[in-house]
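S.K.: Just to be clear, the model below is a prediction. Sequence and coordinates:
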Amino acid sequence: MPDPRLTTLKTSRNPLKLLGAALTGVLMVLAFPRYGFELGVDWISWFALAPLFFVAVGSGGLRGTVLGWSAGLILEAGGFIWILVAIRRFTELPDAVSSGLFLAWLLYSSLPWAVLGMALGRCQRPSGVLWVLPLWVGLEHYFPRLFPWTLGGAFYGREWLVQNADLLGASGLTGLVFLGNAALFLLVGFVRKRHPFPVRTVVSFVTILAAALVYGRFRLAQVEDVEAGAPALSVALIQGARPAAAAPEDLEAYLEMTRKVRETNPVDLVVWPEAADPYTFDLTPGNDPWRGHHRDRTDPEVLLRDALSVPLLTGGTGYRADRAIALSGIAAYLRPGQKPLFYEKNVRLLFGEYVPFGELVPQSWLDALGIRVATVAAGTTNPVFPLKESSFKNLVCYEAVLPDYFRRAASGVDFLINITEDIWYGRTAHISQHVSVLILRVVENRTPLVRATNMGPSGVIDISGRFRRVEKIFAPDVFVGTLRARSTRTFYGSAGHLFPLAMLLLVVGRSTLVYVFFRKR
């Protein structure tokens, strides 16, 4: 009779197992931006999942679900507290209601961890964790999240590792990190004499990690050569650190900062953040777009059209009289002597720019509930804008972190511009998390990104993943630097999310075969 230690795991009901799940949640928070790479402890990711593996594997589906969900709740609550800050500032709801909404979001956003725990709990052997890997990769990518973080995203600052994102996307890094945790878990099991030495797992992890580092080293040299031969554009990014509600004096402040920059720096493009222009552009077909700028004696149209002699891209508000929802968030491209061009934000921010099914609720009810969210219209196209011999598209605020939308926008242009405010989330981990995801998006698609934000950090992310930026955040500052305006094709850009899809199909295929051929009769 075979030793049961080598086949089936014991299913202890020890409540202390919750501490193991909690430890995974805490380690995940420490491994991610604001703590991880910034403090040099992102390596925690290589073993952050292992405590959950130790307590959940073989514990049963229900207990595994509870353990996984517990780890996820700690990660989501500790790592994304800025979502509570955003709900309160966007909606102006009472604290009790805002906290209730945040709790509901926590329960929802940690669902993938519950599924992970259930899958681990149903493992009959320690090596079963290897079949949980493709499930997690697919689930992580396709689960609808408010903010698209990834397990492998902790290594956004490790140059050789992050270069691999142009092959399989951030999901490829997630698979590598998960495999590293699985190898550690199986090694510890071997030391405790629970199963044989996991030769294939350890060899696979070491081989794949070595290949990833070698690829990253040589790929980095390739993209540096591309950058060196790319057209050079001088850009000035004005970080105003202005209050959230744009006012006429904000326009003067941005103009004054821009004038000072241009006195000493010849630039090809000036970029202001989202909502920097307090006046509305009329986008109604046939109307003068500047009509909304004729409001007072400061004559903002003249200020914008005549005070600057270089192209300016600024965030503002658009108005169309021919649709039910008249207002929209826009990027306005103003060029001396030419008609302005506009991009209307396509993807609106939940609870910031629309409330789901809000149009079905009478406004009087929303007012009674204290909901102050103004629904804005969503654009349907992302036009290409010219700058000298180069071209670019726009991403407003949240759009830049979305992998699918970023990939579509990057197609056929030399660079992208992201304008955002970043004032709504306070001095939280959101600042670092936002930057980390942007770096992944740039490397995945090898399309440089110009980022102008109200509170910072503003700068340029090169196709190598390096972020050249201002030093200050939540303070006025200016970035003047060179943009290497050239993108280059990647396997990820062409194949899209083939890897997480393949991982999900692998899990479904295996589960189907097990059910058909090995189910108990």
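M.R.: Everything's here; your move.
S.K.: Output the below-cut-off pLDDT ranges for the stretch 51-200 of the chain.
M.R.: Residue ranges of the stretch 51-200 of the chain with pLDDT under 70: none are present.
S.K.: Check the stretch 401-521 of the chain too.
M.R.: 515, 518-521.
S.K.: how does it look with 90?
M.R.: Filtered on pLDDT under 90, the stretch 401-521 of the chain yields the residue ranges 421-430, 456, 471, 495-497, 508-521.
S.K.: One more: the stretch 201-350 of the chain?
M.R.: In the stretch 201-350 of the chain, residues with pLDDT under 90: 242-253, 255-256, 259-266, 275, 277-279, 288, 290-310, 323-325, 336-339, 348-350.
S.K.: Would you state the helices of it in chain order?
M.R.: For the stretch 201-350 of the chain, applying DSSP state H, counting those that start in this stretch gives helices covering 248-264, 300-306.
S.K.: Export these as CSV, with columns for mean neighbour count.
M.R.: For every residue, glycine as well, the C-beta is placed using N, CA and C. As requested, these are exported to CSV (neighbours: other Cβ atoms under 10 Å):
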stretch, mean neighbour count
helix 248-264, 15
helix 300-306, 16
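S.K.: Nearest to Gln433 among the ones you listed would be which one?
M.R.: Proximity to Gln433 (Cβ to Cβ) singles out helix 248-264 among these, at 26.7 Å.
S.K.: Against which helices or strands is the closest one packed?
M.R.: Using 3 or more Cβ pairs under 8 Å, 6 or more residues apart in numbering; DSSP states H and E, the elements in contact with helix 248-264 are strand 232-239, strand 269-271, helix 300-306, strand 477-484.
S.K.: Give me whichever of the ones you listed is most buried.
M.R.: Mean neighbour count (mean count of other Cβ atoms under 10 Å) peaks for strand 269-271 among those, with a mean of 25.
S.K.: mind listing what that strand pairs with, with the direction of each?
M.R.: When sheet partners are counted by DSSP bridges, strand 269-271 sits next to strand 232-239 (parallel), strand 312-319 (parallel).
S.K.: Quick check: which of these is nearest to Thr420?
M.R.: Nearest to Thr420 among the strands paired with strand 269-271 is strand 312-319 (8.1 Å), distances taken as Cβ to Cβ.
S.K.: how far does that closest one sit from the chain's center?
M.R.: Centroid separation for strand 312-319 versus its chain: 23 Å, with Cα atoms, centre = their mean, to the nearest Å.
S.K.: Let me have the strands paired with strand 269-271 in a markdown table, adding distance to Arg88 as columns.
M.R.: Shown next, in a markdown table, are the strands paired with strand 269-271 (distance: least, Cβ to Cβ, whole Å):
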| stretch | distance to Arg88 |
| --- | --- |
| strand 232-239 | 24 |
| strand 312-319 | 23 |
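S.K.: Of all those strands, which one comes closest to Phe53?
M.R.: Minimum separation from Phe53 across the strands paired with strand 269-271 (Cβ to Cβ) falls at strand 232-239, 43.5 Å.
S.K.: can you state the direction angle for the closest one and helix 248-264?
M.R.: Here strand 232-239 points in a direction 150 degrees away from that of helix 248-264 (axes from the mean of the first three to the mean of the last three Cα atoms, to 10 degrees).
S.K.: could you give the angle of strand 232-239 to strand 477-484?
M.R.: Orientation check (the same axes, to 10 degrees): strand 232-239 against strand 477-484 gives 160 degrees.
S.K.: ok now strand 232-239, how far from the chain's centre?
M.R.: That offset, for strand 232-239, works out to 23 Å (Cα atoms, centre = their mean).
S.K.: what do you get for stretch 175-186?
M.R.: Here the centre of stretch 175-186 is set off from its chain's centre by 24 Å, with Cα atoms, centre = their mean.
S.K.: So for Gly189, which of the strands paired with strand 269-271 sits nearest?
M.R.: Nearest of these to Gly189, taken as Cβ to Cβ: strand 232-239 at 51.2 Å.
S.K.: May I have that closest one as CSV, with CA atoms only?
M.R.: In CSV, the C-alpha atoms belonging to strand 232-239 read as follows (Å, rounded to 0.1, in the frame of the first residue of the first chain):
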residue,chain,number,x,y,z
ALA,A,232,13.4,63.3,-31.5
LEU,A,233,10.6,65.6,-30.4
SER,A,234,11.0,68.1,-27.5
VAL,A,235,8.0,68.0,-25.2
ALA,A,236,7.1,70.2,-22.3
LEU,A,237,4.6,68.8,-19.7
ILE,A,238,3.0,71.3,-17.4
GLN,A,239,2.1,69.8,-14.0
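S.K.: re the thing from before, now tabulate the helices and strands packed on helix 248-264 in a markdown table and tack on distance to Leu349.
M.R.: What follows is the helices and strands packed on helix 248-264, written out as a markdown table (distance: least, Cβ to Cβ, whole Å):
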| stretch | distance to Leu349 |
| --- | --- |
| strand 232-239 | 21 |
| strand 269-271 | 20 |
| helix 300-306 | 26 |
| strand 477-484 | 25 |
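S.K.: Select, out of these, the one closest to Ile208.
M.R.: Shortest distance between Ile208 and the helices and strands packed on helix 248-264, using Cβ to Cβ, is found for strand 477-484: 31.0 Å.
S.K.: which strands and helices sit next to the closest one?
M.R.: So strand 477-484, by 3+ Cβ pairs under 8 Å, 6+ apart, packs with strand 232-239, helix 248-264, strand 459-461, strand 467-469.
S.K.: before we move on, the earlier item: tell me which of the strands paired with strand 269-271 lies nearest to Tyr425.
M.R.: Evaluated with Cβ to Cβ, the strands paired with strand 269-271 place strand 232-239 nearest to Tyr425, the distance being 15.9 Å.
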